[in-house]
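K.L.:
sequence and predicted model, in that order:
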Amino acid sequence: MAEPLTRVDSAVQGLSESPPKEKISHRRASSSANNTLLSIKDVWETRTKLQLAPETQKTGWKINTSPSKIDDKDILKKPLVTPLVKSIDLKTNLGMVVTARNLKEGVTIKDALDAIYHKNRKRADDELEKPYLEGFEWYPAHREYDEEKDDEMEEMKQDWHTLIIHLSETPGVSNFGGKKKKKAAE
């Protein structure tokens, strides 16, 4: 009974000395996100100050049109704020609140404009009192809070999580990017 098998037996031959490695399943996108991204709660807890991208000011963008119609497409790829955050609330003076999110790369200017556009895309031009984006503002950069008072601490926390959207009646002129006009050869 100790004779070797003459036919190929799949149970005996063809096995490697080590067992095959298990296939690693694909990780979810949210778990493989950039580790340098902060949640807005982390920003609040560490009191990290946000800095807005200057390119967001006076883009001349109409809030009920697609952000892809902005002349300078390069600004859409830039981060909205530094340090990079996963999401941030955007609020108008009229009380409309939208949330811009990008869990992989951090919130970009495009993410913010997309969030605003999705809220306003079905609104007609005559429905919008101020249809043009003037820019964003982060209140804690311009305001002092008394941390001794509970009501001011709550207001500070709310302001820390939110960017204010400023709108205007006329399109602003962008000071950033765009194509330069060449002078005609004389």
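P.N.:
Great, that's in hand. Numbers count the residues shown, from 1 in each chain.
K.L.:
contacts, neighbours, all on C-alpha from now
P.N.:
Fine.
K.L.:
could you dump the lowest-mean-pLDDT helix or strand in the chain to CSV, C-alpha only?
P.N.:
The weakest-scoring helix or strand in the chain, judged by mean pLDDT, DSSP states H and E, is helix 150-160 (a mean of 86). Output in CSV follows, covering the C-alpha atoms of helix 150-160 (Å, rounded to 0.1, in the frame of the first residue of the first chain):
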residue,chain,number,x,y,z
ASP,A,150,-21.7,79.2,28.2
ASP,A,151,-23.9,80.9,25.6
GLU,A,152,-20.8,82.4,23.8
MET,A,153,-19.0,79.0,24.0
GLU,A,154,-22.0,77.4,22.2
GLU,A,155,-22.0,80.2,19.6
MET,A,156,-18.2,79.8,19.2
LYS,A,157,-18.6,76.1,18.6
GLN,A,158,-21.3,76.7,16.0
ASP,A,159,-19.2,79.4,14.3
TRP,A,160,-16.2,77.1,14.3
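K.L.:
distance check, the residue most central in space within the chain against Asp114.
P.N.:
Central residue of the chain (C-alpha atoms, centre = their mean): Val107, 1.5 Å from the mean position. Using C-alpha to C-alpha, to the nearest Å, one obtains 11 Å as the distance from Val107 to Asp114.
K.L.:
now Glu147
P.N.:
35 Å.
K.L.:
pLDDT weak spots in this structure?
P.N.:
In the predicted model of the chain, residues 1-35, 173-186 satisfy pLDDT under 70.
K.L.:
which residues in it form helices?
P.N.:
40-46, 109-120, 150-160 (DSSP state H).
K.L.:
out of these, which gets nearest to Ile88?
P.N.:
When the helices of the chain are compared by C-alpha to C-alpha, helix 40-46 sits nearest Ile88, at 6.7 Å.
K.L.:
check which residues of the closest one are buried.
P.N.:
40, 43-44 (16 or more other C-alpha atoms under 10 Å).
K.L.:
start and end of stretch 49-62, how far apart?
P.N.:
Terminal residues of stretch 49-62 lie 29 Å apart, using C-alpha to C-alpha.
K.L.:
contacts for it?
P.N.:
With contact meaning C-alpha atoms under 8 Å, 6 or more residues apart in numbering, stretch 49-62 is reached by 43, 67, 70, 75, 78-83, 109, 131-138, 140-141, 171-176.
K.L.:
kindly report the same for stretch 148-164.
P.N.:
40-41, 44, 88-93, 136-140, 145-147.
K.L.:
if you set the cut-off to 10 Å instead, what comes out?
P.N.:
39-41, 43-45, 47-50, 52, 81, 87-93, 95, 97-99, 135-141, 143-147 (C-alpha atoms under 10 Å, 6 or more residues apart in numbering).
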